[in-house]
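**Q** Kindly return the folded structure for what I paste below:
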Amino acid sequence: MMHIPFVDGTSITVWRDLDRTCETIAKFSKKDAETFHRLVPEYKKFTELPANQRAKAPRGGYFQRLNAMSGYDATCSIFESRYMRAASITCGHFGGVAGSDFGTGNQAFSLVGQVLNGRPIAKGGSGTLSVALGKFIEAHHGVILTNKPVASLIVDGGRCVGVECGDGSRYRAEKAVVSTIHLKHIVDMAPRELWGEEFLANLEVFKPEHAMFSMHYATSDPPRYLLAGGGAVTSVEAALLEQPESILLLNSYNARGEVWVDDIPLQIVSPSVGDATRAPAGYHTVKIEGTLPYSLKQGPSHWDKIRDQVAERIFERLRRVAPNLTPDKILAKFLESPLDIERM
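**A** From the prediction side, this is the model:
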């Protein structure tokens, strides 16, 4: 499901098989392997309970207390080795929230969740999921219109009853208007006084989490992660973080608008390893994701000047554990900084 390599040759490989996963952990910590083996079934029982029954369940208070902590503190409370701590935190960071924040304690169970649930991906790419959802709607007599950006909401008697698009076309709703537009934007699509004071007050204190970057590569070889005993392993997903304490620095660099990539959590996705439809025969795709500041101290537009340089520094971290990805293996690249993602 996941491979977490470290520069010193140590690694953790997560399988759907609990015993096999614990074997990789036991190579550097028998205690952590025993802890992980116990946690998986306990956590499964806890999460399968209705939310209103969890507090009174066996170990319920324990899990709830850990969840209220920061991911860093919870992970350090459970595991003794820096490898398990770093692995849990970097995989827990996939959601974008820094594990130094209170209420992120669930990140300590990120590897547990992978053993229990796997890491599902859509065959042919995530776009095929959108296509499948569209076909489902159309099969139930729905109509999908594209290239129709909504410019404003149609309000009648204080209720939203439809939408007006940028081209002037209007659509009225029979039952409801449902939107995925961000709150910061949808508030401008109707007179502000109609939203109510409480909504507007909450909106003023709404803060975004760290911004995302996404670096895409077409390659002639997948990442081959070196193993301490010799040989290498390929994996659809991998995660990089050397020191668990590095997670404590993310908020500081984000607040200052400074780029630091030496040991930020990285998610490496190579879906072509498990899904041959993603690339021509003999070729692969590699994507590196993570978070970096959007508001650089020089301004967001500074990303256009430093994007390629930052991407190269990030890719060098991947090469440290997958040295087969030499420059000649990179056929093409498409780099998205936080600013590029906003533009898209």
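
**Q** Which parts of the stretch 1-150 of the chain are strands?
**A** 2-5, 11-14, 150-156 (DSSP state E, counting those that start in this stretch).

**Q** what about dumping the CA coordinates of stretch 245-252 to CSV?
**A** The C-alpha coordinates for stretch 245-252 follow below in CSV (Å, rounded to 0.1, in the frame of the first residue of the first chain):
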residue,chain,number,x,y,z
GLU,A,245,10.3,17.0,14.5
SER,A,246,10.4,18.6,11.0
ILE,A,247,6.6,18.8,11.1
LEU,A,248,6.9,21.4,13.8
LEU,A,249,8.6,23.8,11.4
LEU,A,250,5.9,23.9,8.7
ASN,A,251,3.7,26.5,10.4
SER,A,252,6.7,28.8,11.0
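
**Q** List the buried residues in it.
**A** Using 16 or more other CB atoms under 10 Å as the test for burial, stretch 245-252 gives 246-247, 249-250. Bear in mind the C-beta positions are built from the backbone N, C-alpha and C, glycine included.

**Q** Who are the contact partners of the residue most central in space within the chain?
**A** Geometric centre of the chain, nearest residue: Phe94, 2.8 Å, by CA atoms, centre = their mean. By CB atoms under 8 Å, 6 or more residues apart in numbering, Phe94 lies in contact with 110, 239, 267, 289.

**Q** ditto for Ser301
**A** So Ser301 contacts Leu339 (CB under 8 Å, 6+ apart).

**Q** Helices along this structure, start to end?
**A** Under the criterion DSSP state H, helices of the chain are mapped to 18-26, 30-48, 60-68, 71-78, 82-92, 110-117, 127-139, 183-186, 197-204, 250-256, 303-321, 338-343.

**Q** With distance to Ala332 as extra columns, can I get those in JSON lines?
**A** Below are the helices of the chain laid out as JSON lines (distance: least, CB to CB, whole Å):
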{"stretch": "helix 18-26", "distance to Ala332": "34"}
{"stretch": "helix 30-48", "distance to Ala332": "39"}
{"stretch": "helix 60-68", "distance to Ala332": "42"}
{"stretch": "helix 71-78", "distance to Ala332": "35"}
{"stretch": "helix 82-92", "distance to Ala332": "27"}
{"stretch": "helix 110-117", "distance to Ala332": "30"}
{"stretch": "helix 127-139", "distance to Ala332": "19"}
{"stretch": "helix 183-186", "distance to Ala332": "33"}
{"stretch": "helix 197-204", "distance to Ala332": "41"}
{"stretch": "helix 250-256", "distance to Ala332": "30"}
{"stretch": "helix 303-321", "distance to Ala332": "13"}
{"stretch": "helix 338-343", "distance to Ala332": "16"}
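
**Q** tell me the most buried of these?
**A** Here the criterion is mean neighbour count by mean count of other CB atoms under 10 Å, and of those the winner is helix 82-92, at a mean of 26.

**Q** which residues are contacting that helix?
**A** Defining contact as CB under 8 Å, 6+ apart, one finds that helix 82-92 is touched by 2, 4, 6, 10, 12, 25, 28-29, 32, 36, 71-72, 75-76, 79, 99, 104, 106-111, 114, 239-244, 246-247, 265-267.

**Q** Also compute the angle for it relative to helix 18-26, please.
**A** Angle between the axes of helix 82-92 and helix 18-26 is 120 degrees (criterion: axes from the mean of the first three to the mean of the last three CA atoms, to 10 degrees).

**Q** helices and strands of the chain: which one has the lowest mean pLDDT?
**A** The weakest-scoring helix or strand in the chain, judged by mean pLDDT, DSSP states H and E, is helix 183-186 (a mean of 89).
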